[in-house]
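Q: Need the 3D shape of this:
(one chain, ligands or ions: 1)
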Amino acid sequence: MLKRIEQIKSEAEGAIAAAGSTAELEELRVRFLGRKAELTMLLRGIADLPQEERGKVGSAANRVRQQLELKLEECAAELEASEISVSLAEGQVDVTLPGSPTHPAGHLHLITRTTRQIEDVMIGLGYRVIEGPEVEHDYYNFTALNHPPGHPARMLQDTFYVQSDPEVLLRTHTSPVQIRAMETQAPPIFVVVPGKVYRRDSDATHSPMFHQVEGLAIGEGITLADLQGTLVEMLGAIFGGSRQVRMRPHFFPFTEPSVEFDVSCFLCDGSGQLAVGERCNLCKGIGWIEVGGAGMVDPNVLGFVEANGYDPEKVQGFAFGMGVERIAMLRHGVPDLRRFFDNDVRVLGQFL
Ligand code: DAH
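A: Residues are numbered from 1 along each chain as shown. Next up is the predicted model:
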């Protein structure tokens, strides 16, 4: 019995020394020390041996078992180390090489792209692009824009106030930058203002944060006809083709007269029909699509910046504002504005 134990030992040691991988070692561990291994069976059968043999055989078998376990551990550590260095050497990556397949670079978000498109047209018309703060004073967001006290837009359900301070808020539109621009630049002034605005509103066509582009043109002899021409130029560039623009009377506190402006539908070319008897689903058969608000800047607004050369008796001009998401939705047939901000690349990737 003792001889057999020694045989097992040398057999196992030989096999372990010859093992070429950690996987092979694991097989050997099962073979020599596993539940069905000879040594294990032998240890289990010790109770059946004659009394005088039990001690010797038991201690010999246990010693061999421990020795083999140690050997296995040592070899495993060695093999593991060399396997790691081999896999590191094989898996070396040259990070300066182009990917395989080359990974496409990302692209601008549709909202950014639409905003830049509008900026580009306006720059072509001689406008400057400026920005203003998103956390704004009541003065710029409302007061200097001729919002009389008690105007509904000042009410809490529309406006996010900051730290319960009634004077500080998240701007509800980009119009406050009109005042900021006029405070820093004497007339004539031609600026476009892209940016984020905030309102307590959320559904398929409203998001608490959205984007607007504002336009402001003040100088001598600027008229509503100039506004019309500017909008025709801008909307034609965005929606393509020879678009027409119409203005409908409206009300905004900071313009007088105020209008809402529509662009002729780019899907049915303003006819309201896609085919004879088939109503255009984009403009709902009307032929026009509402785009934004505009008007001649109210003399009261100029009065707030009169000290910087904006004498309402001498200069005048127009302003307009529109939502970027709405334009992008119309242009690309996106049914839900919130998809722009889910950041699902399957959605965003469609708008190259
Ligand atoms: N600020 C308005 C809004 O968010 C849009 C607007 C209307 C802007 C008329 C203007 C304007 O500059 O003249 O609803």
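Q: Pull up the residues of the stretch 51-200 of the chain that are close to the ligand.
A: Within the stretch 51-200 of the chain, the positions near the ligand by Cβ under 6 Å from any ligand atom are His173, Ser175. Quick note: C-beta positions are derived from backbone N, CA and C, even for glycine.
Q: Residue of the stretch 51-200 of the chain nearest the ligand, please.
A: Closest to the ligand within the stretch 51-200 of the chain is His173: 3.4 Å, counting by Cβ to the nearest ligand atom.
Q: What's the local residue count around that residue?
A: Burial of His173 is recorded as 24 neighbouring residues (other Cβ atoms under 10 Å).
Q: for the residue in the stretch 151-300 of the chain that the ligand sits nearest to, helix, strand, or coil?
A: As assessed by Cβ to the nearest ligand atom, the ligand sits closest to Gly293 within the stretch 151-300 of the chain, at 2.8 Å. Put simply, Gly293 is strand when judged by DSSP: H, G, I helix; E, B strand; the rest coil.
Q: Could you pull up the residues touching it?
A: Gly293 makes contact with His250, Phe252, Thr255, Ser258, Val259, Glu260, Phe261, Phe320, Gly321, Met322, according to Cβ atoms under 8 Å, 6 or more residues apart in numbering.
Q: and those residues, which are buried?
A: Among these, those classed as buried by 16 or more other Cβ atoms under 10 Å are Phe252, Thr255, Ser258, Val259, Glu260, Phe261, Phe320, Gly321, Met322.
Q: which secondary structure elements does the host helix or strand of Ala23 contact?
A: Using DSSP states H and E, Ala23 sits within helix 22-33. Packing partners of helix 22-33 (3 or more Cβ pairs under 8 Å, 6 or more residues apart in numbering; DSSP states H and E): helix 2-18, helix 38-44, helix 51-90.
Q: can you redo those helices as JSON lines with mean neighbour count?
A: Below are these laid out as JSON lines (neighbours: other Cβ atoms under 10 Å):
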{"stretch": "helix 2-18", "mean neighbour count": "14"}
{"stretch": "helix 38-44", "mean neighbour count": "16"}
{"stretch": "helix 51-90", "mean neighbour count": "13"}
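Q: got those as TSV, with distance to Pro208 and mean pLDDT columns?
A: Conversion of the helices and strands packed on helix 22-33 to TSV gives the following (distance: least, Cβ to Cβ, whole Å; pLDDT from 0 to 100):
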stretch	distance to Pro208	mean pLDDT
helix 2-18	68	88
helix 38-44	69	85
helix 51-90	50	87
